[in-house]
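1. Provide a 3D model corresponding to the input given below.
(2 chains)
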Amino acid sequence: MSVRVRFAPSPTGSLHIGSVRTTLYNYFMARQGEGGKLILRIEDTDQDRLVPGAIDSIYDGLHWMGIRWDEGPREGGGYGPYVQSERLPIYQEHAARLVTDGAAYFCFCTKERLEQMRAGQRARGEITRYDRHCRNIPAAEAAARAKSEAHVIRLTVPEDGTIAIDDLVYGHVEWPLRSIEDQVLLKSDGFPTYQLAVVIDDHLMEISHVFRGEDWLPSTPKHLLVYRAFGWDVPPHAHLPNVLGPDGKKLAKRHGATKVEEFRTEGYLPEAMTNYLALIGWSPGTEEEIFSLDELVQRWRIDQVQRAGGKWDRDRLNYFNGVWIRRLSDDELLRRLDPFLPAEWDRALVQQVVPLIKERMRTLAEAKDLVAFLFADTLDHDRSILVPKKKEAHETVTALSRSTVALRFLEPFSAERIEQAIGAVAADAGWSVRDLTIAIRAAVTGRKIGPPLYASIALLGKDRALERLEAAQELLAA
RNA sequence: GGCCCGGUCGCCUAGCGGUCUAGGGCGCUUCCCUUUCAAGGAAGAGGUCAGGGGUUCGAAUCCCCUCCGGGCUACCA
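-> From the prediction side, this is the model:
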């Protein structure tokens, strides 16, 4: 049987990196065998939580990550519609069928009654659970009332016994049926609950493997019961360990950035995101860890996915991002950098600095500060960094002045020649090259650290370099 | 509270009964390289394998209990 896997986000906000990790694993699975299909299904059965634009953001985020899929709301396919709100009749017919079969029943309890019931249960220290108040209304009576009264459809859960699954990641997991309540399958607004919709859609769309977050594991028995009520086979399931915040709880907004979009604008590469994310919860069993999307497809195995949740670690992401930035060709880096740099900056000049800053960036966003000195009209010199430790201001003026002289008639104005000239000045003045470059760097770039100095000066150009050297001297002399 | 899951260096993890005096990576420290910062190279600190009982000639690996953490417990997904 061919692989058909799906990822099924709710359009309740922008794409969370935890969902991305789940999607990635589905993607790996789909791309491993011949003819595997990846399907996008939008689970919008909660009309109250819809966020406008969420679907666009899901598309944008996943496309940016380099994930392509085969069937979905905009791509079509033979199993549509792929948006749950467009499949209402399907759910309603199936739910009705369950009622007819005696596997489910109409429930007329109001929200108020349910609340009271729970409040009472809590007060008595009991488990809060639906009391099956409507479970034994005679079928004919219930059917009649359903024509005029607001109602939901609930699953008739057996009173005794157990239900179990052999999860691909967690192994054998078993639940006592006593612990499961008569779940709502169809809401009073005619929409299905997640519990009903997933099972029907996964079955109808012929999903071969269900991969989803660990937090779904507790509701799996409900789904199992629905499969059983319909008499359908249960596809293999794999629950995936959660991505956690530093405090060990599910990664959430309060932990910082959690949306792909945020990482994109902060200057992370999709390659790094993919690589890093794949490694939370999965390991190849070897000591390799740098993998492209395609390599991950080759290497990833569901049985190497581990059970414990993994914490999101920004430092480690930064490391991967640095690795992938360095792996980019200079031209490609230039392209990726473009949106992070002011449009008015001369791209020809940017192109020349790129090699100098390539191994100095952890994120694309850092490039701007690194090279800003090349594009600034004037510099705000800072006296305190102009003068090297153990040197006096007047000595520094002299050293800078000699450097200015040495550079003034230098031709060609190349990094090599500049290096020679500055070396000569240092020797002449009795300064260490280190101290001299500290002063010159501060004078020419306004900063203590930056790209290699000599090449930076060459790129700046003689006129501007001299101007800045002189400005620094004036400041120190004043 | 109930049900379920998890627990190897600060973090991501390798490990599936002996090769583990527990390996790698991130981060951290030191050194080398060096015009700064990076990158790169080398070295190092860091783990009572949550704790306690078993099983076994032998356990991080199997079993039980305890503790701790997390998830779920809606007409949310």
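
2. use CA for all of it now, contacts and neighbours both
-> Fine.

3. where do the helices sit along the stretch 1-150 of chain A?
-> For the stretch 1-150 of chain A, the helices defined by DSSP state H, counting those that start in this stretch cover A:17-32, A:54-65, A:88-100, A:111-123, A:139-148.

4. most tightly packed of those?
-> Burial of the helices of the stretch 1-150 of chain A is given as mean neighbour count (mean count of other Cα atoms under 10 Å); helix A:17-32 ranks first at a mean of 23.

5. list of residues touching it?
-> A:3-7, A:9, A:36-38, A:62, A:67, A:69, A:211-213, A:240, A:242-243, A:251, A:258-260, A:274, A:277-278, A:296-298, A:300 (Cα atoms under 8 Å, 6 or more residues apart in numbering).

6. redo that, cut-off 6 Å
-> A:7, A:36, A:37, A:38, A:243, A:258, A:259, A:260, A:277, A:297 (Cα atoms under 6 Å, 6 or more residues apart in numbering).

7. quick one: pLDDT of the nearest residue to the last one once chain neighbours are set aside?
-> With Cα to Cα, 6 or more residues apart in numbering as the criterion, residue A:297 has its nearest non-adjacent residue at 4.6 Å, and that residue is residue A:28. At residue A:28 the predicted local distance difference test score is 97.

8. for residue A:28, give its distance to residue A:258.
-> 22 Å (Cα to Cα, to the nearest Å).

9. next: residue A:401.
-> Remark: distance between residue A:401 and residue A:258 (Cα to Cα) = 52 Å.

10. out of the helices of the stretch 1-150 of chain A, which gets nearest to RNA strand B?
-> helix A:111-123 (4.8 Å; Cα to the nearest atom of the strand).

11. can the closest one be said to contact RNA strand B?
-> Yes: using Cα under 7 Å from any atom of the strand, a contact is recorded between helix A:111-123 and RNA strand B, made by A:111, A:114.

12. flag every buried residue along the lowest-mean-pLDDT helix or strand in chain A.
-> The helix or strand of chain A with the lowest confidence, counting by mean pLDDT, DSSP states H and E, is helix A:383-386 at a mean of 87. Residues A:385, A:386 are the ones in helix A:383-386 that count as buried (16 or more other Cα atoms under 10 Å).

13. can you name the next helix or strand after it?
-> Counting by DSSP states H and E, the element after helix A:383-386 in chain order, helix or strand, is helix A:393-408.

14. so which elements touch the helix or strand that that next one is followed by?
-> With elements assigned by DSSP H and E, the helix or strand that comes after helix A:393-408 is helix A:415-429. Other helices and strands packing on helix A:415-429, by 3 or more Cα pairs under 6 Å, 6 or more residues apart in numbering; DSSP states H and E, are helix A:453-460.

15. now the angle from the helix it packs on to helix A:415-429?
-> 120 degrees (axes from the mean of the first three to the mean of the last three Cα atoms, to 10 degrees).

16. tell me what helix A:453-460 is packed against?
-> Using 3+ Cα pairs under 6 Å, 6+ apart: helix A:453-460 touches helix A:415-429.

17. how far is the helix it packs on from where the chain is centred?
-> 49 Å (Cα atoms, centre = their mean, to the nearest Å).

18. and it, what's buried?
-> For helix A:415-429, burial by neighbour count (16+ other Cα under 10 Å) applies to A:415, A:417, A:418, A:419, A:421, A:422, A:423, A:425, A:426.

19. ok, the third one to RNA strand B distance?
-> Using Cα to the nearest atom of the strand, to the nearest Å, one obtains 10 Å as the distance from residue A:418 to RNA strand B.

20. wait, does stretch A:234-254 make contact with RNA strand B?
-> Yes: using Cα under 7 Å from any atom of the strand, stretch A:234-254 reaches RNA strand B at A:246, A:247, A:248, A:249, A:250.

21. what is the neighbour count of the fourth one?
-> When neighbours are defined as other Cα atoms under 10 Å, residue A:249 has 14 of them.

22. tell me how far it lies from residue A:5.
-> Going from residue A:249 to residue A:5 by Cα to Cα gives 28 Å.

23. kindly report the same for the last one.
-> When Cα to Cα is applied, the distance between residue A:250 and residue A:5 equals 24 Å.

24. what residues does the stretch 1-150 of chain A put near RNA strand B?
-> Counting by Cα under 7 Å from any atom of the strand, the residues of the stretch 1-150 of chain A close to RNA strand B are A:9-10, A:43-46, A:49, A:108-111, A:114, A:125-129, A:150.

25. give me the buried entries from those.
-> Among these, those classed as buried by 16+ other Cα under 10 Å are A:9, A:10, A:43, A:44, A:45, A:46, A:108, A:114, A:128, A:129.

26. next up, phi/psi of the third one, please.
-> With angles defined as degrees, to the nearest 10, residue A:43 shows backbone torsions of phi -100, psi 90.

27. just to check, it is in contact with residue A:10?
-> Yes: counting by Cα atoms under 6 Å, residue A:10 is a contact partner of residue A:43 at 4.7 Å.

28. write out the residues of the stretch 301-450 of chain A neighbouring RNA strand B.
-> A:303-313, A:315-319, A:322-323, A:359-361, A:433-434, A:437-438, A:448-450.

29. strands along chain A, start to end?
-> Residue ranges of the strands in chain A, as given by DSSP state E, are A:4-7, A:37-40, A:104-107, A:152-155, A:162-167, A:171-176, A:184-186, A:210-213, A:237-240, A:243-244, A:310-311.
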